[in-house]
Structures are given as structure tokens and as C-alpha cells.
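> Sequence first, then the predicted structure, then my questions.
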Amino acid sequence: MFDSLSDKLNAAFKKLKGHGKLSEKNISDGLREVRMALLEADVHYKVVKQLIADIKERSLGQEVMGSLTPGQQVVKIVNESLTELMGGVHEDLTLTGTKPVSIMLVGLQGSGKTTTAGKLAVYLRKMGYHPYLVPADVYRPAAIDQLRTLAQQLNVPVYPSTPEMDPVDICQSARVSAQQEGCNTLLLDTAGRLHIDETLMAELIRIKDAVKPSDILLVADAMTGQDAVNIAKSFNDELDIGGVVLTKMDGDARGGAAISIKSVTEKPIKFIGVGEKLGELEPFHPERMSSRILGMGDVLTMIEKAQSVMDEKKAAELEKKLRKSQFTLEDFRDQMVQIRKMGSLSDLLNMIPGMGKLKQMKNLQVDDHEFVRVEAIINSMTPYERRNHAIINGSRRKRIAKGSGTRVQDVNKLLKNYAQILKMMKKINQGGMRGLGRGMLPF
């Protein structure tokens, strides 16, 4: 999402870093480019004006002017200012009050409320809660059916709503049903409209007054840019929301909504949707998002993703195998499956500090389907072949290619890459990281 903004900001910073000593004119020229980059990214103009004023004031102080690396100090100030602008620290769900507590999801049609309800159910279950899904959008039978389908996929209980029922009655009755099911959190998927109107707000206020939710989350589409900010302000004025979930953050939007919402509404972004799968909902951390925007990576989120999919026992077993250079094709396949669970490979690469700034990464098209192809090839091998790749001769390669629906060249490429990985591991085991300096990286 922030690729264009990141490129423009880094171009401005590069010019600043080129000066051994900064003057007020250098800083003003650099911040003019920063201002243009933010405005083009659809950041609210009032937010940009205040942000640039704050950065300029700090940049003209002793912290920068007296520094040996003034350009880097300016980048540090921009990073801190962006972080503060987006809220400073992560704010989680508010789950206080008499159990079961209710989380009310509001927003316009098409923003992704129903899918977000399913994603939050996954998140809450990981946190040790027992969620209960409540379809309260009686005007769209498809929304009720969609939430039922999601509940079935997740094996989460769902309230049996029908289009003839009153939304307030649904939400109140669902509390009783949730207690009977042993659930301690309700996720209320309320109705939306194509635009904000009095009828919608009146209904949402009735639900809020009747249920008294512990948290109200506005689900907004990040692709709508400043419209998302205006929508957030309107819902907040009427309902006093607790926070925002920005969906479609993996899309091609310019990202202005993520930077502007907290400043305009004084309400935090609590989560971001980064994909269509039910596990692709991330807690929003302002400091990590600022690092991503400035091309500094996001190692903490990457570690959390790895921890959420990795089995500690299997990881320990793999480490032993790596130390003994016993990494088989089965292990190779299993590790790819784990990586696929973490999300898009392109997104993961961008979380590595400095990776987004590399020229060769700019036009790199990472094909996530390659993982599927490689997995199919390895699955077409016999268990003995997977553990003893050296026996895979020409006839076996033809059979494996035919069984996996691939070409012999694809099988050859996989085996070649795998052999290089084994050589690299052997060098690491023999001479530590210095062994890599003698040159056997598989790429």
C-alpha cells in the first residue's frame, strides 16, 4: 500500500543525507517534498500541515543542527512524528464489563464488516476467548448466510437470525444464547448502507443503548482514502466509537487514511486487514507502520507471524537436523507450508529492514504460486526419494513431473536449488557465517 509514498519519502531523505551540514533552506526544501508526498498519498491536508510544522520545529533545533549526521536525525524525527500522529502505541480491544461482553461492528456496505467479524473471532480465540457470532444485518439475507458460513468454517457458534427479526431483539437475545453456549464475547455484525443516513444511525444507537457494548469498531475500507476518514468522523460523532479496523490494506490505496484517522477522530486504528483469509488481520502498531512507510521494515510483526504458525517442537527437531546437515526434501516442503501460512512472500520481504530500498527488489514479482508448484513436485516423489534425493535419476524425474503436472525442467530446478541449500548449510556448519563469504548462496 505505501510503496509510492515510501519511494518519494526516501528520495527526499536521500537529498537531505547528501548534505554534510543542514541549513534552514535544506530542511525547508526537503520538507516541501515530504509534504507533497504525504498529500499525494491522500493524507488529510490539515494533518499534513501540522505534521510538517512539528517536524520543521524539531529539525531546526540543536538535536539536528548540531548533529554529525543531520540527515539521519531528520529521518528519526519524521519516524517519531509519524508514530505519534498514528497514535503512538497499539490499543487493543476493550473487553471489560459483565460477561459475555459485546463488540459492535459498524460501517458502510462493502467495507468488510462480516469478514472482519470472522477474522476477529479467529483473533479472540487465539487470545483464549470464546467468541459468539451475531448476524444483525436483517436487510441483507446474504450477510446472514455469509456469517453462518464463516462460523461453520471456524467451528464457532452463531445466533440463528432471520430477516424478519428486529436487530435490537437479535442482539439482546444473543447474549442469553451466548451464555448457554459458554461463550464470553459477542461479535455483533450490524447493518450498513451505501451511505450514512439517519435511519441507519438511529438503529445503531438503539443497539448501542440496549446492549451497551464494551467496544464499538468502525470497519472502513482503506481503498476509499479520505472518504474513510470522513466516514470515521461521522460514525464517531454519532456513536462515540472505540476504534477503527482498516480493511484492504494489502491493496493499491495510497495509505492516507491510516495516517489521518487518529488525528482527525482522536480514535485509534486497532486492526488492519491485510488479506482475504480469516487469519489475515493484524493488530495496528503505529511505530511498526511508521517503520514500514519509511522503508525500515517490520521485524517484530514478522516474528509474531512466525511464532503464530511455527510448532516449537518441530522447530527444535529442524534445528538438530540443520546442525547435522540432514535437511531432507520433506523438511523443505514442511518449511514452505509454514511460510505460506505467514502470508504473501512479497509482504514478508518488505518487513525485512532495508529490503524495500534495494533496487533489485523494486520490480521483483514474487509468485506465491511457485510454492504450490514446488509442494506438488515434492508430494509426487516417494517417501524414499524425498529422504534420498541423490537417487532421483532421469526416469524418476519424468515420473515426478507427470505426477505433479509440471515439466521435467521444473523438477530439475527444484533439485538444483535444494542441492545449493544443502551446500550452504554445510558451509555454515563448517565455518559459521564466514563460510558464506566463500560464496555458495542459492541465489
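Cool, got the structure.

> confidence score at D237?
Note on D237: pLDDT of 92.

> In terms of helices and strands, where is it?
In this assignment (DSSP states H and E), D237 forms part of helix 226-239.

> With I27 instead?
Using DSSP H and E, I27 sits within helix 24-40.

> what packs against the helix or strand that contains S291?
Secondary structure from DSSP H and E places S291 in helix 286-293. In terms of contacts (3 or more C-beta pairs under 8 Å, 6 or more residues apart in numbering; DSSP states H and E), helix 286-293 is packed against helix 3-17, helix 70-85, helix 256-265. For glycine as for every other residue, the C-beta is placed from the backbone atoms N, C-alpha and C.

> Alpha carbons of the first one, in PDB - could you do that?
This file holds the C-alpha atoms of helix 3-17, laid out as PDB (Å, rounded to 0.1, in the frame of the first residue of the first chain):
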ATOM      1  CA  ASP A   3       5.200   1.700  -1.900                       C
ATOM      2  CA  SER A   4       4.700   5.100  -3.700                       C
ATOM      3  CA  LEU A   5       4.900   7.100  -0.500                       C
ATOM      4  CA  SER A   6       7.900   5.200   0.700                       C
ATOM      5  CA  ASP A   7       9.800   5.800  -2.500                       C
ATOM      6  CA  LYS A   8       9.100   9.500  -2.500                       C
ATOM      7  CA  LEU A   9      10.000  10.000   1.200                       C
ATOM      8  CA  ASN A  10      13.200   8.100   0.700                       C
ATOM      9  CA  ALA A  11      14.100  10.200  -2.300                       C
ATOM     10  CA  ALA A  12      13.600  13.300  -0.100                       C
ATOM     11  CA  PHE A  13      15.700  11.900   2.700                       C
ATOM     12  CA  LYS A  14      18.500  10.900   0.300                       C
ATOM     13  CA  LYS A  15      18.900  14.500  -0.700                       C
ATOM     14  CA  LEU A  16      19.000  15.600   3.000                       C
ATOM     15  CA  LYS A  17      21.600  12.900   3.800                       C
END
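
> tell me the secondary structure for K270?
Three-state assignment for K270 (DSSP: H, G, I helix; E, B strand; the rest coil): strand.

> do you know how far it is from T224?
Separation of K270 from T224 (C-beta to C-beta, to the nearest Å): 18 Å.

> same question, E181
36 Å.

> cool, and I391?
Per C-beta to C-beta, I391 is found 57 Å from T224.

> With V408 instead?
For V408, the distance to T224 (C-beta to C-beta) stands at 48 Å.

> about what we covered before: please find the angle between the direction vectors of the helix holding S291 and helix 70-85.
Calculated by axes from the mean of the first three to the mean of the last three C-alpha atoms, to 10 degrees, helix 286-293 forms an angle of 130 degrees with helix 70-85.

> What ranges in the stretch 301-443 of the chain fall below the confidence cut-off?
Scanning the stretch 301-443 of the chain for pLDDT under 70 picks out 301-326, 339-368, 427-443.

> Read off the pLDDT value for S81.
S81 is assigned 89 on the pLDDT scale.

> got a list of what it touches?
Applying C-beta atoms under 8 Å, 6 or more residues apart in numbering, one finds that S81 lies in contact with 51, 54-55, 58.

> For the residues you listed, pick the one with the most neighbours.
Using other C-beta atoms under 10 Å as the neighbour test, the contacts of S81 are led by L51, with 24 neighbours.

> Give me the pLDDT value at that one.
We have a pLDDT of 90 for L51.

> which SS state does it fall under?
Applying three-state DSSP: L51 is helix.

> which stretches of this protein form strands?
Per DSSP state E, the chain has strands spanning 101-106, 131-135, 185-189, 215-221, 243-247, 269-273, 281-283. These are given in chain order.

> possible to save these as CSV with mean neighbour count?
Listed next are the strands of the chain as CSV, based on neighbours: other C-beta atoms under 10 Å:
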stretch, mean neighbour count
strand 101-106, 24
strand 131-135, 28
strand 185-189, 27
strand 215-221, 25
strand 243-247, 27
strand 269-273, 24
strand 281-283, 19
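
> And the ones you listed: which comes nearest Q420?
Q420 lies closest to strand 281-283 among the strands of the chain, at 33.4 Å (C-beta to C-beta).

> outside of the closest one, which residues touch it?
Strand 281-283 has contacts (C-beta under 8 Å, 6+ apart) with 90, 92, 116, 119-120, 122-123, 245, 270-274, 301.

> ok, now stretch 383-398?
328-330, 333, 378, 381, 400, 408, 411-412, 415, 418-419.

> try 10 Å this time
The contact list for stretch 383-398 (C-beta atoms under 10 Å, 6 or more residues apart in numbering) reads 326, 328-333, 377-379, 381-382, 399-400, 407-412, 414-415, 418-419, 422.

> Give me the subset of those residues that lies in helices.
Among those, the ones falling in helices (DSSP state H) are 329-333, 377-379, 399-400, 408-412, 414-415, 418-419, 422.

> if we can go back for a sec, let me have the strands of the chain in TSV, extended by mean pLDDT and distance to D237.
Formatted as TSV, the strands of the chain follow (pLDDT from 0 to 100; distance: least, C-beta to C-beta, whole Å):
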stretch	mean pLDDT	distance to D237
strand 101-106	96	13
strand 131-135	96	25
strand 185-189	95	20
strand 215-221	93	11
strand 243-247	92	14
strand 269-273	93	18
strand 281-283	91	26
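
> possible to save those strands as a markdown table with distance to I205?
Below are these laid out as a markdown table (distance: least, C-beta to C-beta, whole Å):
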| stretch | distance to I205 |
| --- | --- |
| strand 101-106 | 10 |
| strand 131-135 | 17 |
| strand 185-189 | 14 |
| strand 215-221 | 11 |
| strand 243-247 | 18 |
| strand 269-273 | 21 |
| strand 281-283 | 27 |
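
> Which per-residue confidence value corresponds to the residue positioned nearest the centre of the chain?
The residue lying closest to the centre of the chain (C-alpha atoms, centre = their mean) is V274, at 4.1 Å. On pLDDT, V274 comes in at 84.

> do the one 3 residues further on as well
Looking at K277, its pLDDT stands at 86.

> From M336, how far out is it?
In this view, K277 and M336 are 17 Å apart by C-beta to C-beta.

> Could you do Q420 as well?
Between Q420 and M336 the computed distance is 16 Å (C-beta to C-beta).
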